[in-house]
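Enquirer: After the sequence you'll find the predicted model.
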Protein chains: 2
Amino acid sequence: MNNKILKTNAKIVCGASVVGRKEKEGPIGECFDICDTTDKFDQKTWEKAEIEMQKRALTLALEKSGFSENDIGAMFAGDLLNQCIGSAYGLLDFDIPYFGLYGACSTAVEGLMLASLLISGGHFKRCASVASSHFCSAEQQYRTPLEYGGQRSPTAQWTVTGAGAFITEKSETDRGVFITEALPGIVIDKGINDASNMGAAMAPAALDTLLRFFKESKTSPSDYDAIYTGDLGHEGSLILREFMSIEGYDMGEDYFDCGNIIFDREAQDVHSGGSGCGCSAVVLASYILPKLKSGELKNALLIGTGAMMSPSSLKQGLSIPAIAHLIKLEHK
Amino acid sequence: MNNKILKTNAKIVCGASVVGRKEKEGPIGECFDICDTTDKFDQKTWEKAEIEMQKRALTLALEKSGFSENDIGAMFAGDLLNQCIGSAYGLLDFDIPYFGLYGACSTAVEGLMLASLLISGGHFKRCASVASSHFCSAEQQYRTPLEYGGQRSPTAQWTVTGAGAFITEKSETDRGVFITEALPGIVIDKGINDASNMGAAMAPAALDTLLRFFKESKTSPSDYDAIYTGDLGHEGSLILREFMSIEGYDMGEDYFDCGNIIFDREAQDVHSGGSGCGCSAVVLASYILPKLKSGELKNALLIGTGAMMSPSSLKQGLSIPAIAHLIKLEHK
């Protein structure tokens, strides 16, 4: 029963992305909607900057959709900050019922999944989902304040400064980009305890979800125009590819990781690539969705990956549990 | 649209509660299932103790229900620890798809609400939901380590050491305790910035949800055998009662707060009463549910209340946003 693929039918009306400078300077920088090259978004602290990014992302998504907050039945949101303050404060001005999530970097997909399930179940006509991360707020919370200038290991990833917001709705027509299937992740911990190698910690979760999905759906990677993982980065995506191969699945040339897409790993000195709740959120909003809207991709799988440790749990000798939520996206 | 009461039809099969010493010594101490009077649950740190509590709570709930983890389609869980490690690690051993939540102290109700919605929508036959808090892990994270012996203000609340787990399912019969209606909360911030008075910060959120519920349902407090708020405590529940009265609703003698139920405020020196994700979770599991099962209560409202600030947001001068999720429980 735990392999049950959930059938959904929710249309992604639009996505909106808000990013910082490094993201704007990256390979898909031109795709993003809003950028503040100071990364500060007119705020005095990094936490407030992230809060502001969520606010601007949802404001823009509503503008693009043409709907007002009164048209949205519920919103699903989360981020990496302690007590998820990026979302609680960032979305405070919106008079919309709020479900707070904590899925680490899988949050964007977790939110889209819950929104599409509740829309398909007839509970809401239209939902929003929002997720964010900020390099500077994440560094000081998870590692050290920026001013320390700590060295980074080769497997370390670079937290994306980005917020993505999405509007999903019950389909009025059969045209558009739809979330048609969903497979929620199971928490997996394979004993990795190096916080500078989260790709290795998360790859087994992505593996578990993908294997469950392919077995249950009786499909294989070649049945999809593209497969995207959220933020396994260079290291993690190589591990996933290798482990999938051992299990008999060739991930092929159409498998990508959002953490590899958003930065030029060599030129931008980001070591193993991008990470963070904002990574898959902004890449989906501004890079993957347009490909699905135009029909360049007829279908795609997006696997939101999250590492669920905290600085405290690592200090107490625990390893890193991870999760991977999968949604199937279709152009119709 | 944002006042829409969601109709659900999910049966609460059972609840299980795990508590510490102070809870066991309180007025309803005899009701709880599992207690460790050391508050340590055989662990070396408070965080690991909380992790262990979640594990024991869900293990017991499954035992009581007679179901195995393979019978559970998904679980919804959260806690107050940074990055919600109580849930991520506590439920790691269960091979069940996992949705991580952050609703602060409203998490137990948020989880039950999402479980009942997804069950009613036909996505899952059966779900689990879990929430926890631990006095000692919360003190050192939100305030100061216990060893400091900091003084507490009269409006301060005492975080409950408790974990509650619930199994909900699609009704096979029409007998039992059902979640029949749900109204998700909207984040409300009325400018309270005193972390020692969270009751005052959360009362306006409870007010907002209750007013929306009564207006939309065309009911009033007297239509319910009991109304419970999660953890407004002494101070917050007085504020709610007064504000409801100003709005024309007499909360009457059947309004209670779980934070007032779980401790003897005077004798146990807990100032304004209990709080934390575990508060409403264990009071529901072991005190309210039995009353509904026996028919002593034919119906009840439970409003999970949560204060969504973090130590960082308070230090940066922000006030406390709060949320209140409402579910209607019925004996059938």
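Expert: Looks like it came in fine. Numbers count the residues shown, from 1 in each chain, chains lettered A, B, ... in the order given.

Enquirer: contacting residues around residue A:312?
Expert: B:47, B:81, B:82, B:85 (CB atoms under 8 Å, 6 or more residues apart in numbering or on different chains). To be clear about C-beta, it is placed using only N, CA and C from the backbone, and glycine gets the same treatment.

Enquirer: Strands along chain A, start to end?
Expert: Assigned by DSSP state E, chain A shows strands spanning A:6-19, A:34-35, A:74-79, A:98-100, A:126-133, A:158-159, A:162-170, A:177-183, A:226-229, A:255-257, A:274-275, A:299-307, A:322-331.

Enquirer: Single out the most deeply packed of the ones you listed.
Expert: strand A:274-275 (a mean of 34; mean count of other CB atoms under 10 Å in any protein chain shown).

Enquirer: And the residue of the stretch 151-300 of chain A that's closest to chain B?
Expert: residue A:184 (3.8 Å; CB to the nearest CB).

Enquirer: and that residue, how many neighbours?
Expert: By the other CB atoms under 10 Å in any protein chain shown criterion, the neighbourhood of residue A:184 contains 30 residues.

Enquirer: got it, and residue A:295?
Expert: The burial count for residue A:295: 11, using other CB under 10 Å.

Enquirer: is chain B contacted by stretch A:203-211?
Expert: No - using CB under 8 Å from any CB of the partner chain, we find that stretch A:203-211 stays clear of chain B, coming within 9.3 Å at best.

Enquirer: Can you show me the CA trace of that stretch as CSV?
Expert: Extracted in CSV, the C-alpha atoms of stretch A:203-211 (Å, rounded to 0.1, in the frame of the first residue of the first chain):
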residue,chain,number,x,y,z
ALA,A,203,20.4,10.2,-3.0
PRO,A,204,19.1,7.1,-1.2
ALA,A,205,15.8,8.8,-0.6
ALA,A,206,15.5,9.8,-4.3
LEU,A,207,16.4,6.2,-5.2
ASP,A,208,13.8,4.7,-2.9
THR,A,209,11.0,7.0,-4.3
LEU,A,210,12.0,6.5,-7.9
LEU,A,211,12.2,2.7,-7.6
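
Enquirer: who touches residue A:265 in this structure?
Expert: Here residue A:265 is in contact with A:234, A:271, A:272, A:273 (criterion: CB under 8 Å, 6+ apart).

Enquirer: out of the residues you listed, who has the most neighbours?
Expert: residue A:272 (30 neighbours).

Enquirer: number of nearby residues for the residue nearest to residue A:261 when sequence neighbours are not counted?
Expert: Among residues not flanking residue A:261 along the chain, residue A:283 sits closest, at 5.5 Å (CB to CB, 6 or more residues apart in numbering or on different chains). Residue A:283 is flanked by 33 other residues according to other CB under 10 Å.

Enquirer: Give me the lowest-pLDDT entry from the contacts of residue A:265.
Expert: Lowest pLDDT of those: residue A:271, 94.

Enquirer: dump the residue contacts of that residue.
Expert: Counted by CB under 8 Å, 6+ apart, residue A:271 has contacts A:152, A:153, A:154, A:155, A:156, A:157, A:158, A:234, A:265.

Enquirer: Quick check: phi and psi at it.
Expert: In terms of degrees, to the nearest 10, the main-chain angles of residue A:271 are phi 60, psi -110.

Enquirer: Relative to residue A:91, how far out is it?
Expert: As judged by CB to CB, to the nearest Å, residue A:271 and residue A:91 stand 32 Å apart.

Enquirer: Check residue A:269 too.
Expert: On the measure of CB to CB, residue A:269 and residue A:91 end up 33 Å apart.

Enquirer: and if you look at residue A:216?
Expert: For residue A:216, the distance to residue A:91 - CB to CB - is 34 Å.

Enquirer: Surely residue A:280 is in contact with residue A:110?
Expert: No - in this structure, residue A:280 is not within contact of residue A:110 by CB atoms under 8 Å, at 10.5 Å.

Enquirer: what about the residue of the stretch 51-200 of chain A found nearest chain B, neighbour count?
Expert: Going by CB to the nearest CB, chain B is nearest to residue A:121 of the stretch 51-200 of chain A, at 2.1 Å. A total of 19 residues lie near residue A:121 under the criterion other CB under 10 Å.

Enquirer: excluding its backbone neighbours, what's nearest it?
Expert: residue B:121 is the one closest to residue A:121 (CB to CB, 6+ apart), at 2.1 Å.

Enquirer: again, but for residue A:304
Expert: With CB to CB, 6+ apart, the residue lying closest to residue A:304 is residue A:109, at 2.7 Å.

Enquirer: returning to that earlier point: I'd like the strands of chain A as TSV, with distance to residue A:55 and mean pLDDT appended.
Expert: Below are the strands of chain A laid out as TSV (distance: least, CB to CB, whole Å; pLDDT from 0 to 100):
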stretch	distance to residue A:55	mean pLDDT
strand A:6-19	9	97
strand A:34-35	11	98
strand A:74-79	11	98
strand A:98-100	13	98
strand A:126-133	9	98
strand A:158-159	19	96
strand A:162-170	9	98
strand A:177-183	25	98
strand A:226-229	26	98
strand A:255-257	28	98
strand A:274-275	22	98
strand A:299-307	22	98
strand A:322-331	25	98
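
Enquirer: and the residue nearest the centre of chain A, what pLDDT?
Expert: The centre of chain A sits closest to residue A:280, judged by CA atoms, centre = their mean, with a distance of 3.2 Å. At residue A:280, the predicted lDDT confidence score is 98.

Enquirer: got the residue ranges for the helices in the stretch 201-332 of chain A?
Expert: A:233-246, A:258-261, A:277-283, A:289-294, A:311-315 (DSSP state H, counting those that start in this stretch).

Enquirer: what's the most buried one of those helices?
Expert: Scoring the helices of the stretch 201-332 of chain A by mean count of other CB under 10 Å, the most buried comes out as helix A:277-283, with a mean of 37.

Enquirer: Which secondary structure elements does it sit against?
Expert: strand A:6-19, helix A:107-120, strand A:126-133, strand A:162-170, helix A:258-261, strand A:299-307 (3 or more CB pairs under 8 Å, 6 or more residues apart in numbering or on different chains; DSSP states H and E).

Enquirer: now with 7 Å?
Expert: Counting contacts by 3 or more CB pairs under 7 Å, 6 or more residues apart in numbering or on different chains; DSSP states H and E, helix A:277-283 packs against helix A:107-120, strand A:126-133, strand A:162-170, helix A:258-261.
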